[in-house]
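Student: this one's structure only:
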């Protein structure tokens, strides 16, 4: 067993740092532990697989049916042999269990001083809420600081997966789940939804930006107060790219929802046959209660932005739509 | 009756009785309402093979779509075309089509192929014969199982016509509660199929207990019977849980009763517990009979007594029982407690041991045997290769830390397919080749069989092995597109192309099998009673067997003692020598 242990701990330094044929680079504080278990299991798999297949092929060749060759009567069971090949795998899987469990406990136990970010998943967007109230569609974190995600879902089950950090946890409606990590390298990583959640499940992706130490606070301050130095329409454009452009275009092309280009002031036909003039009140209503009036030719699929966009932000968006003539 | 048929006449086996179960009665109703377990088995065989074709069609749709990033064959144009073919008047988008394709692939393959394939088709044919019985305990119930299968399949086809279902075969709530696709018909279909499965299990259980030929003790039963017995226990105990779960889901969808949807006061994780409490044991419903086939074939075609008979038999029962205790390993990231995760992880490893023991026993059986490279034997060895790899990669999923990383990625897809396609499907093909002479009275072309087996081996590994690699790099499953991952996963498109090419090779091989098998019906050499030199009772009767299975009572011997069998040149089969 001690040989096994030392074997396992001699792996990481040598081959792990830049990722491998099997795994992406381990860029969180617990990823290395996961990878060590992965390679341990990989070695066990390779050894057993090669042993079994080689023996099988060897027997097949040696004892192939041919003229003059006869099958020989051998023992139909052998208690010692059978106990051996039961006990050895038992010990090996017991060790794999232990290794997997201890790495899992590291992944489960968030340090006390973790920076907390609220995660809300919703078909098919991620919302990350920071302590100062800023809501971002990407996950920004400081490097070398433990971050705890407090996650939930607004609709169906989603799952937050950051391959580079070996982090995955479901976002379940009606309850909170938790995950934590400590990014150990600056950079931008992918974040995927891995629990099937409907039409655009494949598109429910976000970035994880690990900021240089010291730069995170500045980013957060700027992200929350971006509109300070901007005219309302430009502030609205920033919000458009953050919240709307997955489903709405600003160039006249139809996506899941109607384009924003030139719609302000127009008369539009609704699904129920009525018609509506696009004005400030209609836009506000469409953001906060999207199902109230749905434009003809489109599905009633837009979720509400109540609680996500503030009154001021809605003003900015309306100003931006007005400017798209 | 005795006028036989033209199709069989030209090369009628000298050994076969002119009146066999295929010719005993004639006409389509003599099949549809037959009470003969062999005919029910044949009808299942034909039906599940057609369903396999349907499932493979969806598989190739998925594979072709993933060949390149961005829409490949599922485009706005094809979406429009398909939308017109369905009875629903919604206009599908390419991603909606993809989601329906993988859901239908999974649902068709699981419920219409992998679960019924071996027990209902081959098991039905073989089990009473191997026990020296005339039929199963409840022949009418057996026929009813088949009729339920047909009705269930009709509901699946109805689901297709209504535009399909997009929940994934797992029907996870609350998505399955709120999606507007045809969940209701699919769920009713699965419910009905479940009852077919329960009745088959019940039938086999009672048959094994009550209809063994007098003098046949439990430890003289072939291992195929042991594995079908273990399977029957699971079918009987686990399937009702699925049925209840599906009814609850339906009640929630139709009447808005809050069970799983938190918006109605329900708990979505409860659905997962219920679902996996059935569906994990269900993977043993699928794999145990496969192990039974391999146990038979390895021993017979190596002309060597099976090694560790009792351990293989006990391990089947152990798998059936332990399989009930591991469902939580599907839920390591669902938010269940760390303690539950730990317990389920530990229990999961315990179920790995009996499977490993079986593999060692099979390989040990070959030691000092006389191994014939017949098509069934080649498939049995392919099974050990693929099932070995699939089983071992399960260790990544049983260990908590690594499961967190690869959960819901293509790694799991690859593992699952190594078990279900590499395991169950390959064993099914293996069994079909092993018992084909008995079922039809004809020998197929061995050369064709061997070549196709190798094509399938290569095609299979090309299809699924790359999915381990992209999965451990983070490629999530059930993704319509992977444009965003190209910079993250090295050679992603290349792996996808290899996988697709392999998929076509694999399916190409599968298509070739019914061609040469059906050809053998016309042109095949008549099968002797015992072409492989097997010692189980089904080989003591004629090929094909008479209507009531045995004209004289079969002898009870050690099912794996081949010493008294000698090859006979005139019939090109084996005969018993005293």
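Tutor: Received the coordinates, thanks. Bear in mind that the values here come from a model prediction, so they are computed numbers and not experimental data. Numbering: from 1, shown residues only, chains lettered A, B, ... in the order given.
Student: Of all the residues in the helix or strand that residue B:43 is a member of, which ones are buried?
Tutor: Taking DSSP states H and E as the definition, residue B:43 sits inside helix B:37-65. Using 16 or more other CB atoms under 10 Å in any protein chain shown as the burial criterion, the residues of helix B:37-65 that qualify are B:37-45, B:47-49, B:51-52, B:54-56, B:58-65. Yep, even glycine has a C-beta here, placed from its N, CA and C like the rest.
Student: The nearest residue to residue B:496 once chain neighbours are set aside: what's it in contact with?
Tutor: Computed as CB to CB, 6 or more residues apart in numbering or on different chains, the closest residue to residue B:496 that is not its neighbour in sequence is residue B:66, at 5.0 Å. For residue B:66, the contacting residues are B:72, B:482, B:496, B:499-500, by CB atoms under 8 Å, 6 or more residues apart in numbering or on different chains.
Student: what's the burial count for residue B:127?
Tutor: Residue B:127: 30 surrounding residues under other CB atoms under 10 Å in any protein chain shown.
Student: try residue B:112
Tutor: Number of residues near residue B:112 (other CB under 10 Å) recorded here: 24.
Student: ok, it - contacts?
Tutor: For residue B:112, the contact set (CB under 8 Å, 6+ apart) comprises B:48, B:51, B:54-55, B:149, B:152-153, B:156, B:193.
Student: mind redoing it with 6 Å?
Tutor: With CB atoms under 6 Å, 6 or more residues apart in numbering or on different chains as the criterion, the residues that contact residue B:112 are B:51, B:153.
Student: so is it in a helix, a strand, or just coil?
Tutor: Look at residue B:112: counting by DSSP: H, G, I helix; E, B strand; the rest coil, its state is helix.
Student: Might you calculate how far the helix or strand containing residue B:270 sits from the centre of the chain?
Tutor: With elements delineated by DSSP H and E, residue B:270 resides in helix B:268-301, which encompasses its position. Taking the mean C-alpha point of helix B:268-301 and that of its whole chain, the gap between them comes to 9 Å (CA atoms, centre = their mean, to the nearest Å).
Student: buried residues in that helix?
Tutor: Across helix B:268-301, burial judged by 16+ other CB under 10 Å covers B:268-269, B:271-301.
Student: ok, stretch B:342-352 near chain A or not?
Tutor: Yes - contact between stretch B:342-352 and chain A is present through B:342, B:345-346, B:349, B:352 (criterion: CB under 6 Å from any CB of the partner chain).
Student: Tell me the one of the residues you listed nearest residue B:220?
Tutor: Of all those, residue B:352 has the smallest distance to residue B:220: 29.1 Å, by CB to CB.
Student: mind checking the SS state of the closest one?
Tutor: For residue B:352, the secondary structure call by three-state DSSP comes out as helix.
Student: Quick check: which helices or strands does the helix holding residue B:43 pack against?
Tutor: Helices and strands touching helix B:37-65, by 3 or more CB pairs under 6 Å, 6 or more residues apart in numbering or on different chains; DSSP states H and E, are helix B:94-107, helix B:124-131, helix B:139-161, helix B:492-523.
Student: pLDDT (mean, whole number) over that helix?
Tutor: Here the mean pLDDT over helix B:37-65 is 96, rounded to a whole number.
Student: buried set for the next helix or strand after it?
Tutor: Remark: after helix B:37-65, the chain's next helix or strand is helix B:76-85, criterion DSSP H and E. Within helix B:76-85, the residues scored as buried using 16+ other CB under 10 Å are B:78-79, B:82-83.
Student: Contacts for helix B:76-85 next, please.
Tutor: Under CB under 6 Å, 6+ apart, the answer for helix B:76-85 is B:91-94, B:97.
Student: Can you check what angle separates it from helix B:139-161?
Tutor: 130 degrees (axes from the mean of the first three to the mean of the last three CA atoms, to 10 degrees).
Student: Distance from helix B:76-85 to the middle of the chain?
Tutor: The chain centroid and the centroid of helix B:76-85 are separated by 32 Å, computed with CA atoms, centre = their mean.
Student: by how many degrees do it and helix B:37-65 diverge?
Tutor: Helix B:76-85 and helix B:37-65 meet at an angle of 150 degrees, taking the same axes, to 10 degrees as the criterion.
Student: any idea of the mean pLDDT in helix B:76-85?
Tutor: Per-residue confidence for helix B:76-85 averages out to 87 on the pLDDT scale.
Student: Now do it and helix B:94-107, the angle between them.
Tutor: Going by the same axes, to 10 degrees, helix B:76-85 is angled at 60 degrees with respect to helix B:94-107.
Student: how deep is the closest residue to chain B within the stretch 201-325 of chain A tucked in, by neighbour count?
Tutor: Taking CB to the nearest CB as the measure, the point where the stretch 201-325 of chain A comes nearest chain B is residue A:202, at 4.1 Å. Using other CB under 10 Å, residue A:202 has 23 other residues around it.
Student: so it touches residue B:477, yeah?
Tutor: No - between residue A:202 and residue B:477 no contact is recorded; they are 10.3 Å apart, counting by CB atoms under 6 Å.
Student: does residue A:207 belong to a helix or a strand, and which?
Tutor: Here residue A:207 sits within strand A:205-211, counting by DSSP H and E.
Student: So that strand, near chain B or not?
Tutor: Yes - contact between strand A:205-211 and chain B is present through residue A:205 (criterion: CB under 6 Å from any CB).
Student: what pairs with that strand, and is each one parallel or antiparallel?
Tutor: strand A:139-142 (parallel), strand A:187-193 (antiparallel) (DSSP bridges).
Student: Which neighbouring elements make contact with the helix or strand that the shortest one is followed by?
Tutor: Reading on from strand A:139-142 to the C-terminus, the next helix or strand found by DSSP H and E is strand A:146-153. Helices and strands touching strand A:146-153, by 3+ CB pairs under 6 Å, 6+ apart, are strand A:115-122, strand A:167-171, strand A:177-182.
Student: got the angle between the last one and helix B:268-301?
Tutor: With the same axes, to 10 degrees defining the directions, strand A:177-182 sits at 80 degrees from helix B:268-301.
Student: Enumerate the positions of strand A:177-182 that are buried.
Tutor: Taking 16+ other CB under 10 Å as the neighbour-count basis, strand A:177-182 is seen to contain the buried residues A:177, A:179-182.
Student: what about residue A:89, neighbour count?
Tutor: 19.
Student: Okay, now the unreliable bits of the chain?
Tutor: This is for chain A. In the predicted model of chain A, residues A:1-18 satisfy pLDDT under 70.
Student: My question was about chain B, not that one.
Tutor: In the prediction, chain B carries residues with pLDDT under 70 at positions B:1-17.
Student: quick one: contacts for the residue most central in space within it?
Tutor: To find the centre residue of chain B, average its C-alpha atoms and take the closest one (CA atoms, centre = their mean): that gives residue B:114, at 2.8 Å. Shown here is residue B:114, whose contacts under the criterion CB under 6 Å, 6+ apart are B:286, B:420, B:424.
Student: Pretty sure the last one sits against residue B:290.
Tutor: Which is residue B:424. Yes - under the contact definition of CB under 6 Å, residue B:424 touches residue B:290, with a separation of 4.8 Å.
Student: Can you tell me the closest non-neighbouring residue to residue B:400?
Tutor: Counting by CB to CB, 6+ apart, residue B:400 lies nearest to residue A:104, which is 3.6 Å off, once chain neighbours are set aside.
Student: Quickly note the distance from the one you found to residue A:167.
Tutor: Here the criterion is CB to CB, to the nearest Å. By it, residue A:104 lies 12 Å from residue A:167.
Student: for residue B:153, same thing?
Tutor: Looking at residue B:153 against residue A:167, where the rule is CB to CB, the gap reads 42 Å.
Student: At the contact with chain B, which residues of the stretch 101-250 of chain A appear?
Tutor: Taking CB under 6 Å from any CB as the test, the list of the stretch 101-250 of chain A residues beside chain B reads A:101, A:103-104, A:108, A:156-157, A:163, A:166, A:168-170, A:172-174, A:177, A:190, A:192, A:194, A:196, A:199, A:202, A:205.
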